[in-house]
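In: Here is a sequence with its predicted model. Questions after.
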Amino acid sequence: MPSLTLNSGVEFFYTDSGVITAGDYITLVIIHGHTFHSGTFQRLNPFAEPNSLRIISLNRRCYPGSSAFSAEELTIFSEGTEAERASLLAQQGRDLALFLEGLIDELSLPRTGGIGLIGWSMGAIFLLSLIASVETLPVATREKLSSFVHTVVLLQAPSLAFGLPTPAGWLIPHTDPTIAAEARGPAFAKWVSSYFVHGDLATHNLDHLTYSNTDPLKVSTIERLKPEELFAIADFAPAAQYDNIVGLSPFEGPVFKQTNKALFDVTVRGAWSGTKFWNVYGSAEPWNIIYAAWFLEDHPRAADAPDLAIHFKVIDGSNHFVRELALLSFSVLVETNLHL
């Protein structure tokens, strides 16, 4: 299976739907989320060539085929200072930027079709790290990426992806005291793939969201998967190594600063000149996905500065799991101007 190794020795495994032989095409590069890795997106591949798309999904570090973190790096994740954690997170963004540059060169990706970057779920943290890294990249790398990347999609990004503090009284399975520590992984998988019945989302009011009220007529995605299907798309080990840490309070400060730099810093956004930024989510997702979208929609800088614009798309009735979005994803991506 394909992989790309940086000069530093860091290796990233990736899947590739394949080159489009007839004419130019758009390349989608997807960064996966918590637990569910690049295997999650293979259901999209049959739709790639008919839509003139090439879909590349990488595995983040510690996921199958990609480099593990060193013992020193894992210690920084778990015990480091805020400055050390911020530096380590920033390095992930630079590595991903260099990986993207390597893909462009190694696969001869077409500039005319360009690239759409997608950060799914917690993968949005690492996508924003890539975006924020632009000022630290070599000039040639910066110019190349800016000329290729025309769209950034924060796909179903939770509040933790932006470093938002959890509102008082609200939970996710990893912080739910009624769930035993050893049961939180499976509980999270069921919770994140359930269909939630929220109230009026137009209010942007937390009182209209729910932590546990799910649609009794719809079985969660995870419960419909056969064991072999689950193991083809998930790896639970990296959660304990670093994903749970990056996604909870220890990293709130660095992630929040990164969000503001990537999305609301005029210089950074200017370096990605011409790139459109989108937030896409479903109306039946967990509360923290919708709460995160409200944060972006209500952010005063995004509302007042055209150069910092973020566009939004809500998929009515959709839960969080990308397998359920296999057919919807392409209509959404077309609507979000990936073909312009």
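Out: Yes, it's here.
In: Same question for stretch 173-190: list its buried residues.
Out: Judged by neighbour count using 16 or more other Cβ atoms under 10 Å, the buried positions of stretch 173-190 are 173, 174, 176, 179, 184, 185, 187, 188, 189. C-beta coordinates here come from the backbone N, C-alpha and C atoms, glycine included.
In: Next: stretch 101-120.
Out: Here stretch 101-120 shows 101-104, 107, 109-110, 113-120 as buried, counting by 16+ other Cβ under 10 Å.
In: Span of it from start to end?
Out: 20 Å (Cα to Cα, to the nearest Å).
In: Check the offset of that stretch from the chain's centre.
Out: 17 Å (Cα atoms, centre = their mean, to the nearest Å).
In: With stretch 308-316 instead?
Out: The chain centre lies 15 Å from the centre of stretch 308-316; the measure is Cα atoms, centre = their mean.
In: could you dump it to CSV, C-alpha only?
Out: Provided in CSV are the C-alpha atoms of stretch 308-316 (Å, rounded to 0.1, in the frame of the first residue of the first chain):
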residue,chain,number,x,y,z
LEU,A,308,-12.2,35.6,6.8
ALA,A,309,-15.5,34.2,5.5
ILE,A,310,-16.5,30.7,6.4
HIS,A,311,-19.4,29.1,4.5
PHE,A,312,-21.8,26.6,6.0
LYS,A,313,-23.8,23.6,4.9
VAL,A,314,-26.2,21.5,7.0
ILE,A,315,-27.1,18.0,5.9
ASP,A,316,-30.6,17.5,7.2
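In: Show the average pLDDT along it.
Out: Regarding stretch 308-316, the rounded mean pLDDT is 91.
In: now do stretch 77-90
Out: For stretch 77-90, the per-residue pLDDT averages 96.
In: Kindly report the same for stretch 123-134.
Out: The model assigns stretch 123-134 a mean pLDDT of 98.
In: and if you look at stretch 246-255?
Out: Per-region confidence: stretch 246-255 scores 91 on mean pLDDT.
In: okay, how far is it across that stretch, tip to tip?
Out: 8 Å.
In: contacts for that stretch?
Out: Defining contact as Cβ atoms under 8 Å, 6 or more residues apart in numbering, one finds that stretch 246-255 is touched by 34, 77, 82, 85-86, 89, 122, 125, 158, 160-166, 174-175, 245.
In: Filter these down to the buried ones and hand me the ChimeraX line.
Out: To isolate the buried members of the contacts of stretch 246-255 in ChimeraX, using 16+ other Cβ under 10 Å:
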select :34,77,85,86,89,122,125,158,160,161,162,163,164,166,174,245
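In: Inside helices: which ones of the contacts of stretch 246-255?
Out: 77, 82, 85, 86, 89, 125, 245 (DSSP state H).
In: quick one: the fifth one from residue 246, how far?
Out: By that I understand residue 89. Distance, residue 89 to residue 246, by Cβ to Cβ, to the nearest Å: 7 Å.
In: Now the common contact residues for the two.
Out: Between them, residue 89 and residue 246 share the contacting residues 125, 255, judged by Cβ under 8 Å, 6+ apart.
In: picking up where we left off before, can you name the two of the buried residues of stretch 173-190 that sit furthest apart?
Out: Among the buried residues of stretch 173-190, the pair separated by the greatest distance (Cβ to Cβ) is 176 and 189, at 13.8 Å.
In: number of nearby residues for the closest residue to residue 206 other than its chain neighbours?
Out: Among residues not flanking residue 206 along the chain, residue 167 sits closest, at 6.0 Å (Cβ to Cβ, 6 or more residues apart in numbering). With neighbours defined by other Cβ atoms under 10 Å, the count for residue 167 comes to 12.
In: Check what pLDDT residue 167 gets.
Out: On pLDDT, residue 167 comes in at 95.
In: can you map out the strands along the stretch 201-340 of the chain?
Out: 276-282, 311-315 (DSSP state E, counting those that start in this stretch).
In: Deepest in the core, which of those strands is it.
Out: strand 276-282 (a mean of 22; mean count of other Cβ atoms under 10 Å).
In: model confidence over that one, on average?
Out: 93.
In: For residue 57, give me phi and psi.
Out: Note on residue 57: its backbone torsions stand at phi -120, psi 120 [degrees, to the nearest 10].
In: Beta-bridge partners for it, please?
Out: residue 15, residue 30 (DSSP bridges).
In: Isn't it up against residue 27?
Out: No. Residue 57 lies out of contact with residue 27 (Cβ atoms under 8 Å); the separation is 11.3 Å.
In: that older thread, make TSV from the buried residues of stretch 173-190 and add distance to residue 281 and pLDDT to it.
Out: As requested, the buried residues of stretch 173-190 are exported to TSV (distance: Cβ to Cβ, whole Å; pLDDT from 0 to 100):
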residue	distance to residue 281	pLDDT
173	19	93
174	20	89
176	22	95
179	24	96
184	23	91
185	23	86
187	22	93
188	18	90
189	19	89
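In: Helix, strand, or coil at residue 54?
Out: Secondary structure, DSSP: H, G, I helix; E, B strand; the rest coil: residue 54 is strand.
In: Checking my notes, residue 119 in a strand, right?
Out: Yes. Counting by three-state DSSP, residue 119 is part of a strand.
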